[in-house]
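[1] Dropping a prediction and its sequence here:
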Amino acid sequence: MEKTSLTALARQQLKIAQQASSGRGADTVYGGNEHVLRQTVIALAAGRRLDEHENPGEATVHVLLGRVRLVSGDQSWEGSPGDLLVVPPARHGLEALEDSAVLLTVAKHR
C-alpha cells in the first residue's frame with residue numbers, strides 16, 4: 001500500500017508552477033502509460049491554462065487548491081476546493097482563475 005498527501009503534493013507543485021516559465025507543475029500520483037487509470041496533480045499559476053485538447057477517456061478534475069474554469073466549446077464550469085468537475089467527452093481546456101492545483105483522474109479508452 002502507498003499513501004500520498006495530495007495537499008502536500010499540491011502545494012509542492014504550485015511552488016514549482018509559480019517559478020516555472022510555463023506557469024505549470026505536474027506529478028503523476030498513480031498510473032501511467034501502462035495503466036488504464038492515471039491520476040496526476042497539476043498546478044497552474046494564476047492566469048495560466050492548459051490549452052484545448054482531446055479527452056483520452058473518462059476524466060474528472062478534483063480541485064485541491066484555488067479556483068479553475070473548465071471550458072468546452074461555449075460551455076464552462078468553475079470549480080473551487082473540494083469540487084469535482086466531470087470532463088466532457090469533447091475538446092476542452094482548463095484555466096487557473098487564481099493559483100490552483102487539481103487532481104486529474106483519467107481512465108483511458110483501450
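    Great, that's in hand.
[2] Pairing partners for the helix or strand bottoming out on mean pLDDT in the chain, with directions?
    Lowest by mean pLDDT, DSSP states H and E among the helices and strands of the chain is strand 49-53, with a mean of 89. In the sheet, strand 49-53 lines up against strand 92-96 (antiparallel) (DSSP bridges).
[3] Mind listing the residues bridging to residue 60?
    Here residue 60 sits in beta bridges with residue 86, residue 105, as judged by DSSP bridges.
[4] My guess is it contacts residue 105. True?
    Yes - between residue 60 and residue 105 there is a contact under CB atoms under 8 Å: 4.9 Å. C-betas here are computed from N, CA, C, even on glycine.
[5] helix/strand/coil for residue 103?
    strand (DSSP: H, G, I helix; E, B strand; the rest coil).
[6] Return the residues in contact with it.
    6, 10, 29, 39, 40, 41, 42, 61, 62, 64 (CB atoms under 8 Å, 6 or more residues apart in numbering).
[7] One more pass at 10 Å, please.
    6, 9-10, 29, 39-42, 60-64, 84 (CB atoms under 10 Å, 6 or more residues apart in numbering).
[8] Same check on residue 2?
    Contacts of residue 2 (CB under 10 Å, 6+ apart): 29, 30.
[9] sec struct for it, please.
    coil.
[10] for it, phi and psi?
    Here is the backbone geometry of residue 2 (degrees, to the nearest 10): phi -120, psi 150.
[11] Now do the shared contacts for residue 60 and residue 105.
    Contacts common to residue 60 and residue 105, judged by CB under 10 Å, 6+ apart, are 39, 84, 87.
[12] follow-up on the earlier one: neighbour count: residue 60 and residue 105, which is higher?
    Applying other CB atoms under 10 Å to residue 60 and residue 105 shows that residue 105 carries more neighbours, namely 19 against 15.
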